[in-house]
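>>> Give me coordinates for this.
(2 chains)
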Amino acid sequence: MDDDPRLDPTGRLLGDFVRQVSAHVVVPDLTEGPQIGLRRSGRMHKRGRVLVVASCALVVAGAIAVTVAYGPRSTRVGTQSVPATQPPPVSTSTSSVAGGTERITYEPFTATGIDPSLHVTSRFTGNCIRYSRGAAARSYFRCFASGGGIYDPCFAGPQSTRAPLVCPTTPTSSSVVTFTVSTVSSDGPPSPSSIPWAMQLSDGQVCLFVSAAWSGLGPYQCGAAPIGPSVADCHPPDATPSSTAACQDQFTQTSPFAPTDVAKLWF
Amino acid sequence: MGTTDFTDLYASSFARLVGQVTVVTADREAAEEAVQEAFGRLWTRWESVHAYDKPEAWVRRVAINVAISRWRRLRQLRPLVETSGASREDDAVTRPDVQRALRSLPVQQRHALLLHHVVGLSVSEVAQEMGVPQGTVKSWLFRGRDTLHRTLGVEEAPRG
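Predicted structure coming up:
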């Protein structure tokens, strides 16, 4: 076909349809709140809320669970705060220290199955999306339980998705859930950059990558600190051997970001 | 992190992408959610994706994958409900007949029609994007066009 397919009858028909639909779309304002990544936003747009209500509720009420439940990189419902008092099981990770920041590869499997030092608290079934990140193209999974709930990240063992995945609650806890995969799809091209799914700040706080990109805040959501001052959220850590991350005390636009030393990164 | 560029892309392409993804979902609300999620993912990968020739194409691809993934999940959960598009019609769609006609097509045919007739990709580019042979794309396009035209009474253009 020599002609532009957008100009033939089918192209004109669908092009008009796309333009008509687009004309009715209310674009969520990036300056107003944590709109990206929050699911069910379409209904909120329809009511003209543009997720500002969700944003305010999240900020004022500290409803971290909302973000965690519906954010695109969320870990799971109910992670109000992340206890950082329990050391990670040694057998579930391999680590290296570079310039003061420990880089840990989370390994919840042994050659024979799930690491016996882990405590499986729940078992779920559902569908997952596979991500590949980093130079080693390690696969992570974002899984949607049949009964609701999102688990991210989940890790596959030697049997890939033929065996249940392991989804950690936090990197510093031995409690995990397992996820039996019904179907799996891929999430586009692999990302060359490796993004830690969690980090621990020098004061002990653990921050999880939830990626509810709210107007430049986040995407790391931080929990309670065992000692010292707490921060609310952080930008991704820098790539220098001794990592720092820009963190802020409160989930507000006006709360200043300050460089914070990162003690551990989990990949 | 190039938030200005991200914001520009978001503002300039969000509505258009929702319109395009609606061709695949036949449901505007589902398309909005998928595009939002795609932008959420883009934000976390912006450092690498912004250097792509067409970051908007990346967002579209991810949004369509998200939408199809959810549709498959819904289909599993509610096998008796027609889930390849909501059963209702969107208030904001001024051509509900087109929406209904799209819903009658398999998702792959909608996807191929979108990429070829709306985005303007060649058959070989559509095949590459969808990961299927060119012959399959041609078949999907032919059947999709045929169904759409018969349903809507559109006169078929002569094709070479």
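>>> got the domain boundaries for chain B?
Domains of chain B are assigned by automatic domain parsing as B:1-88, B:104-160.
>>> export these to a markdown table and tack on mean pLDDT, mean neighbour count and distance to chain A?
For glycine as for every other residue, the C-beta is placed from the backbone atoms N, C-alpha and C. What follows is those, written out as a markdown table (pLDDT from 0 to 100; neighbours: other CB atoms under 10 Å in any protein chain shown; distance: least, CB to the nearest CB, whole Å):
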| stretch | mean pLDDT | mean neighbour count | distance to chain A |
| --- | --- | --- | --- |
| domain B:1-88 | 76 | 20 | 3 |
| domain B:104-160 | 87 | 18 | 4 |
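>>> Now render the ones you listed as CSV, adding distance to A:G113.
Converted to CSV, the domains of chain B look like this (distance: least, CB to CB, whole Å):
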stretch, distance to A:G113
domain B:1-88, 27
domain B:104-160, 33
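>>> Around the closest residue to A:L201 other than its chain neighbours, how many other residues sit close by?
Among residues not flanking A:L201 along the chain, A:T260 sits closest, at 5.3 Å (CB to CB, 6 or more residues apart in numbering or on different chains). Counted with other CB atoms under 10 Å in any protein chain shown, the neighbours of A:T260 add up to 24.
>>> how far away is A:T260 from A:V231?
Applying CB to CB, to the nearest Å, the value for A:T260 to A:V231 is 6 Å.
>>> swap in B:A67?
For B:A67, the distance to A:V231 - CB to CB - is 35 Å.
>>> Could you do A:C207 as well?
Counting by CB to CB, the separation of A:C207 from A:V231 is 8 Å.
>>> do the same with B:L17
34 Å.
>>> residue closest to the middle of chain B?
Taking CA atoms, centre = their mean, the centroid of chain B lies closest to B:V21, which sits 3.3 Å from it.
>>> can you pull the contacts of that residue?
Residues near B:V21 by CB atoms under 8 Å, 6 or more residues apart in numbering or on different chains: B:A31, B:A34, B:V35, B:R60, B:A63, B:I64, B:A67.
>>> so can I have TSV of the residues you listed showing secondary structure?
Shown next, in TSV, are those (DSSP: H, G, I helix; E, B strand; the rest coil):
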residue	secondary structure
B:A31	helix
B:A34	helix
B:V35	helix
B:R60	helix
B:A63	helix
B:I64	helix
B:A67	helix
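>>> Tell me which of the domains of chain B approaches A:V181 most closely.
Evaluated over those, closeness to A:V181 peaks at domain B:1-88, with 12.0 Å, by CB to CB.
>>> re the thing from before, quick one, which of the domains of chain B is nearest to A:A156?
Per CB to CB, nearest to A:A156 of the domains of chain B: domain B:1-88, 17.5 Å.
>>> State the separation between that closest one and the centre of the chain it belongs to.
Centroid separation for domain B:1-88 versus its chain: 8 Å, with CA atoms, centre = their mean, to the nearest Å.
>>> follow-up on the earlier one: shared neighbours of A:T260 and A:V231, anything?
A:L201, A:C247.
>>> average pLDDT for stretch A:107-122?
Stretch A:107-122 shows a mean pLDDT of 90.
>>> Span of it from start to end?
19 Å (CA to CA, to the nearest Å).
>>> Can you point out the buried residues in it?
A:P108, A:F109, A:I114, A:D115, A:L118 (16 or more other CB atoms under 10 Å in any protein chain shown).
>>> Nearest to chain B among these?
A:P108 (22.6 Å; CB to the nearest CB).
>>> nearest residue to the closest one other than its sequence neighbours?
A:V166 (4.0 Å).
>>> residue ranges with poor pLDDT in the stretch 151-267 of chain A?
A:187-193, A:210-218, A:223-230, A:240-241, A:250-253 (pLDDT under 70).
>>> all strands of it, in order?
A:165-168, A:175-186, A:198-201, A:206-209, A:220-222, A:233-234, A:244-248, A:257-266 (DSSP state E, counting those that start in this stretch).
>>> can you pull out the helices in chain B?
Per DSSP state H, chain B carries helices over the ranges B:3-25, B:28-49, B:55-77, B:96-103, B:107-113, B:123-130, B:134-152.
>>> Who are the contact partners of B:V23?
Contacts of B:V23 by CB under 8 Å, 6+ apart are A:L14, A:F17, A:V18, B:L102, B:R110, B:L113, B:L114, B:V118.
>>> before we move on, the earlier item: isn't the residue nearest to A:P108 right next to A:F155, touching?
Yes. Using CB atoms under 8 Å, A:V166 is in contact with A:F155, at 5.2 Å.
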